[in-house]
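Asks: curious how this folds, go ahead:
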Amino acid sequence: MKKKSLILFLGMLFFGNVLSYSETVTIPGIQDNIAAALRSGNSKVLATYFSSTIEISLPTKEGTFSKVQSELIMKDFFSKNPPSSFVIDQKGSSSGGALFMIGTYKSNNKSYKTYILLKPFENQMLIQQIQIESE
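Replies: The predicted structure is shown next:
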């Protein structure tokens, strides 16, 4: 009986470890890191959180773009609209594991409402969508 219990325990331990490795790894503070990249207008740092394709909606450009294209698009946006501030107004998560953040991006005298959606992919959270619209 003890041998069966030991085998059952070891089996549960093994499968529990396998399942825990398949869970998505969420980087603590990922939303704050993204906010810092927006605050500084750093497209290179922001791009480290991009998925292989990103849906982008800006006042002057809209579509689905590759990671490389998205970085260039954001670099162009930041150069034309240099940040004076970025504040997270709301952030949270869904039951499906997605993270979202809503914030206000300010540049000179303009204010933009910013929406960012992150979804789990291959054990990491990646930006799937960026939406920046004039207020």
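
Asks: contacts, neighbours, all on C-alpha from now
Replies: OK.

Asks: retrieve the pLDDT associated with Q90.
Replies: If you check Q90, the pLDDT there is 96.

Asks: in contact with the nearest residue to it once chain neighbours are set aside: list those residues for me.
Replies: Setting aside the residues directly before and after it, Q90 is nearest to I102 in space (C-alpha to C-alpha, 6 or more residues apart in numbering), at 5.1 Å. Contacts for I102 (C-alpha atoms under 8 Å, 6 or more residues apart in numbering) come out as I88, D89, Q90, K91, K113, T114, Y115, I116.

Asks: low-confidence regions, the chain specifically.
Replies: Residues of the chain meeting the criterion pLDDT under 70: 1-28.

Asks: run through the strands of it in chain order.
Replies: Ranges of strands in the chain, per DSSP state E, are 50-57, 62-66, 85-93, 99-107, 110-121, 124-134.

Asks: take these and write them to TSV, including distance to K75.
Replies: Formatted as TSV, those follow (distance: least, C-alpha to C-alpha, whole Å):
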stretch	distance to K75
strand 50-57	13
strand 62-66	14
strand 85-93	16
strand 99-107	14
strand 110-121	16
strand 124-134	13
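
Asks: and the closest residue to K113 other than its chain neighbours, what are its bridge partners?
Replies: Spatially, and ignoring its direct neighbours in sequence, K113 is nearest to T104 (4.9 Å; C-alpha to C-alpha, 6+ apart). Per DSSP bridges, the residues bridged to T104 are V87, K113.

Asks: got the contact list for the residue lying closest to Y112 once chain neighbours are set aside?
Replies: Leaving out its chain neighbours, the residue that sits closest to Y112 by C-alpha to C-alpha, 6+ apart is S134, at 4.5 Å. For S134, the contacting residues are P59, K110, S111, Y112, K113, by C-alpha under 8 Å, 6+ apart.

Asks: doesn't E135 make contact with the last one?
Replies: Pointing back at K113 there. Yes - counting by C-alpha atoms under 8 Å, K113 touches E135, with 6.1 Å between them.
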